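1. this is the structure alone, sequence omitted:
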């Protein structure tokens with residue numbers, strides 16, 4: 001039973017070519033809920049890194065702890081926490097600009113408390129606020145809860161701004177300590 005201490009190793013020693021390594025398979029056969037920790041961060045994640053991480057997430061019903069950073073094109077393919085056999089305790093840093101919907105989907109990949117959008121969020125005003133309510137959109141609220149200083153770029157123009165637009169914009173400005 002490895003559950004108490006778990007297993008800690010590099011991604012390459014735990015999965016290869018989209019499958020758990022022979023050693024991880026042997027451990028999993030003895031302890032199906034073994035906790036697994038990646039001992040080194042996965043930086044600038046490739047599609048293969050994500051495929052290998054998904055193999056680990058599918059190999060155990062324990063907690064998988066890892067730090068991964070990369071672009072949304074690759075990161076969006078990590079098995080979500082809700083669909084993973086494991087509990088995904090993934091610290092995630094997204095290196096490129098994402099939309100509010102992409103960011104919300106990235107947040108669903110993990111139950112960890114650290115997800116950062118280092119290049120910020122860029123989206124239309126309608127996707128960032130709940131128009132006419134004086135509140136941010138559900139996706140933006142979810143993003144702000146995880147990354148309260150995220151930078152946000154509104155990608156369109158508010159022509160002939162109404163008082164509702166101003167109220168909604170104020171809500172967006174209040175939602176982050178980052179630059180809007």
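-> Happy to help now that I have it. No experiment lies behind these values; they were computed from the predicted model shown.

2. so what touches the helix or strand of the chain with the lowest mean pLDDT?
-> Using mean pLDDT, DSSP states H and E, helix 22-30 stands out as the lowest-scoring helix or strand of the chain, at a mean of 92. For helix 22-30, the external contacting residues (C-beta atoms under 8 Å, 6 or more residues apart in numbering) are 1-2, 7, 13-15, 20, 34, 36, 56, 59-60. (Each C-beta comes from the backbone N, C-alpha and C, glycine too.)

3. let's see 6 Å
-> 2, 7, 14, 34, 59-60 (C-beta atoms under 6 Å, 6 or more residues apart in numbering).

4. let's see which of these end up in helices.
-> Counting by DSSP state H, the part of the contacts of helix 22-30 found in helices is 14, 59.

5. among the contacts of helix 22-30, which has the minimum pLDDT value?
-> Scanning these for pLDDT, the low point is residue 2. It has 65.

6. returning to what we had before: need the contacts of helix 22-30 in TSV (columns: neighbour count).
-> What follows is these, written out as TSV (neighbours: other C-beta atoms under 10 Å):
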residue	neighbour count
2	16
7	23
14	25
34	23
59	23
60	26
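
7. any idea which residue is closest to the centre of this structure?
-> residue 106 (3.5 Å; C-alpha atoms, centre = their mean).

8. and that one, what is it in contact with?
-> Applying C-beta under 6 Å, 6+ apart, the residues contacting residue 106 are 75, 94.

9. which element is the closest residue to residue 135 other than its chain neighbours on?
-> Nearest residue to residue 135, sequence neighbours excluded (C-beta to C-beta, 6 or more residues apart in numbering): residue 171, at 5.2 Å. Using DSSP states H and E, residue 171 maps to helix 163-175.

10. which other residues reach that helix?
-> With C-beta under 6 Å, 6+ apart, helix 163-175 has contacts from 128-129, 132, 134-136, 144, 158, 180.
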